[in-house]
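J.: have a look; sequence and predicted model below, questions after that.
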Amino acid sequence: MNPVWKRYIIYSLPKWLGWLANNHIKSHVQLLEKFMVANPYYVPDIKNLENRPDDFIISLIYDEEFLTSLSDKGLSVWYYSNFIDFLDNLEPFAKKNKDLYYLYHALRKNIWWYDRVYSSLRSQLANKFESEGRKFRE
């Protein structure tokens, strides 16, 4: 288990469960899968994400407030992990909620897309953190 991802999931879980309780996850996943087919090379720009709290799927892997709270060692652990690490840490929690499990399964099924999106966000955030003086890349 990745300690940073585990802490992030525990930190974010109440927000995620609240969103899942008020939204039909199957419809969102179906819509997103259509978006993936139409935009297989989509790469988000963090400048456009900062004011989009409604975008639940991106918020699964993007929470700048959480990341800035990490020490440089924690940022290093985060930076050198991948999306599969996130999913491995999410799995035990997903097994306890049917909507979260449905989302987890959709993320696993489309790992090719989510891993690339996550890698792009991670790189952009790492560059931003380094420009702010953080030292976490070895």
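T.: Looks like it came in fine.
J.: for the residue nearest the centre of the chain, give its distance to Gly133.
T.: Note on the chain: the residue nearest the mean C-alpha position is Ile61, at 1.3 Å, using C-alpha atoms, centre = their mean. Separation of Ile61 from Gly133 (C-beta to C-beta, to the nearest Å) stands at 24 Å. (C-beta placed from N, C-alpha, C; glycine too.)
J.: so which elements touch the helix or strand hosting Ala21?
T.: Per DSSP states H and E: Ala21 is located in helix 3-22. With contacts defined as 3 or more C-beta pairs under 8 Å, 6 or more residues apart in numbering; DSSP states H and E, the packing partners of helix 3-22 are helix 56-61, helix 64-68, helix 72-79, helix 83-94, helix 98-109.
J.: among those helices, which comes closest to Leu13?
T.: Closest of the helices and strands packed on helix 3-22 to Leu13 is helix 83-94, at 6.4 Å (criterion: C-beta to C-beta).
J.: who touches Tyr118 in this structure?
T.: Ile61, Asn82, Phe83, Phe86 (C-beta atoms under 8 Å, 6 or more residues apart in numbering).
J.: repeat for Asp72
T.: Shown in contact with Asp72 (C-beta under 8 Å, 6+ apart): Arg134, Lys135, Phe136.
J.: now neighbour count, secondary structure and pLDDT too, for those, in JSON lines please.
T.: As requested, these are exported to JSON lines (neighbours: other C-beta atoms under 10 Å; DSSP: H, G, I helix; E, B strand; the rest coil; pLDDT from 0 to 100):
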{"residue": "Arg134", "neighbour count": "17", "secondary structure": "coil", "pLDDT": "96"}
{"residue": "Lys135", "neighbour count": "10", "secondary structure": "coil", "pLDDT": "96"}
{"residue": "Phe136", "neighbour count": "18", "secondary structure": "coil", "pLDDT": "95"}
